[in-house]
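In: Okay, structure incoming, though there's no sequence with it:
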Ligand SMILES: [Zn+2]
């Protein structure tokens, strides 16, 4: 069994607690893991870079909205631990940031601190310290503020088009580098959301407890820990669209 609970056990859990059932009705069935890349007032000129970059004011408005509505943030590891304890964090949302751009330290971290929020940051080991990317020192400072630092491959390669040896480097070297310079990583985010059975096997064998995809959906007690869905936050979306994203429905 890959999920934390069977569907039957999950149904029994919900039936057992009326409070839990009520929370699930208000909130929807799952915990959303939101996917971000960059938050920066300097918007890249290229279309892809632009689409991946959120205005800081917009990101701050979403943090304010979460606080106003009593939703709190968990890291991916905290969500995984809650589900292992058969808890369903009905008023939680996970903020995840891919690719390790330096604005994670200069822009995102101060905003998260201002709102008492936390996030999981997924970095590619061989890109750390390269232009426009985070440094190991910045990652340690983020860790010390309660942020989770997870793996996003060594070179950000598509795991489905490389050999098994290369897969081992992508996953294993990233894990080893983070363990050495920041702390043992416990969760993984597949680069470009691409993975296959061999990649999942290596991720599991490397000690990761969960892995994030780019498949749409929310996390429930029956989600496969190595195939957790995420919801992309679009730079052009309104606060109403954000509210819909975090509704869990
Ligand atoms: Zn990426």
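Out: Looks like it came in fine. Please read these numbers as outputs of a predicted model, since none were measured by experiment. Residues are numbered from 1 along each chain as shown.
In: right, and the secondary structure at the most centrally placed residue in the chain would be what?
Out: Closest residue to the average C-alpha location of the chain: residue 96 at 3.2 Å, with C-alpha atoms, centre = their mean. Secondary structure, DSSP: H, G, I helix; E, B strand; the rest coil: residue 96 is strand.
In: what's the nearest residue to it if we skip its chain neighbours?
Out: Leaving out its chain neighbours, the residue that sits closest to residue 96 by C-beta to C-beta, 6 or more residues apart in numbering is residue 120, at 4.8 Å. (Glycine included, C-beta is placed from N, CA and C.)
In: buried set for the helix of greatest length in the chain?
Out: Secondary structure of the chain per DSSP state H: the longest helix is helix 56-68. Buried residues in helix 56-68, counted by 16 or more other C-beta atoms under 10 Å: 56, 58-60, 62-63, 66.
In: One more: stretch 131-141?
Out: Buried residues in stretch 131-141 (16+ other C-beta under 10 Å): 133-134, 136, 138-139.
In: Wondering if that stretch reaches the ion at all.
Out: No. Judged by C-beta under 5 Å from the ion, stretch 131-141 and the ion are separated, with a smallest distance of 11.7 Å.
In: quick one: contacts of that stretch?
Out: 99-102, 104-105, 109, 121, 123, 127-129, 142, 149, 181-182 (C-beta atoms under 8 Å, 6 or more residues apart in numbering).
In: Counting neighbours, which of the residues you listed comes out on top?
Out: Using other C-beta atoms under 10 Å as the neighbour criterion, residue 123 leads those with 30 neighbours.
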